[in-house]
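Q: Provided below for reference: sequence and predicted model.
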Amino acid sequence: MRNPRRPGEPGAQQRFGEFADRLHGDHWQPDVDVFETEEAVIVRAELAGVRRADLRVTVDGDLLRIRGLREGSGAAAVRLYQMEIATGPFERCLRVPADVDRDRVTAHLEDGLLTVTLGRRKPVRRSVPVERE
């Protein structure tokens, strides 16, 4: 796949619109929403057409990585008029807040949306004795 944002290639934004902003070399990035509740940080990624078997979610240190592959259907076309839906490999990396319990991470794919729930650590309170001088 050619990168439409390559310098020296005039008019890429005009030809590809906002789609060009989501291309990064030979892969694309899905759109994500990140929000929090009292119990967890939630990451929701738009992955229409991606099969669960082609999807990998990992947490490594403070990095959440969502990667996979969306197969394309344009190769069978005799004449392609317009193509805005990104296909091929994708990857999205996000920093994970420090208070996330990496052992309490779940991922669920339904209706083209991947929901990754990163459970927060339970606050640990302890009493600290005051020593005498």
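A: In hand now; what should we look at?
Q: which one is residue 90 nearest to, not counting chain neighbours?
A: residue 28 (5.0 Å; C-beta to C-beta, 6 or more residues apart in numbering). (Each C-beta comes from the backbone N, C-alpha and C, glycine too.)
Q: show me the contacts for that neighbour.
A: 22, 86, 88, 89, 90 (C-beta atoms under 8 Å, 6 or more residues apart in numbering).
Q: for residue 35, same thing?
A: Neighbouring residues of residue 35 by C-beta under 8 Å, 6+ apart: 41, 42.
Q: okay, and the beta partners of it?
A: Note on residue 35: beta-bridge partners by DSSP bridges are residue 42.
Q: in a markdown table, list the contacts of residue 28 along with distance to residue 59 and secondary structure.
A: A markdown table is the format used below for the contacts of residue 28 (distance: C-beta to C-beta, whole Å; DSSP: H, G, I helix; E, B strand; the rest coil):
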| residue | distance to residue 59 | secondary structure |
| --- | --- | --- |
| 22 | 23 | helix |
| 86 | 24 | coil |
| 88 | 24 | strand |
| 89 | 20 | strand |
| 90 | 18 | strand |
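Q: re earlier: for the residue nearest to residue 90, list each beta-bridge partner.
A: residue 23, residue 90.
Q: and it, what's its pLDDT?
A: In this model, residue 28 is scored at 92, pLDDT.
Q: sec struct for the residue nearest the centre of the chain, please.
A: In the chain, the centroid-proximal residue (C-alpha atoms, centre = their mean) is residue 92; its distance is 3.7 Å. Put simply, residue 92 is strand when judged by DSSP: H, G, I helix; E, B strand; the rest coil.
Q: pretty sure it is touching residue 66, no?
A: Yes - when contacts are counted by C-beta atoms under 8 Å, residue 92 is listed as touching residue 66 (4.7 Å).
Q: report the set of residues contacting both of those two.
A: 30, 32, 45.
Q: could you measure from the last one over to residue 127?
A: From residue 45 across to residue 127, the span is 42 Å (C-beta to C-beta, to the nearest Å).
Q: highest neighbour count among the shared contacts of residue 92 and residue 66?
A: residue 45 (25 neighbours; other C-beta atoms under 10 Å).
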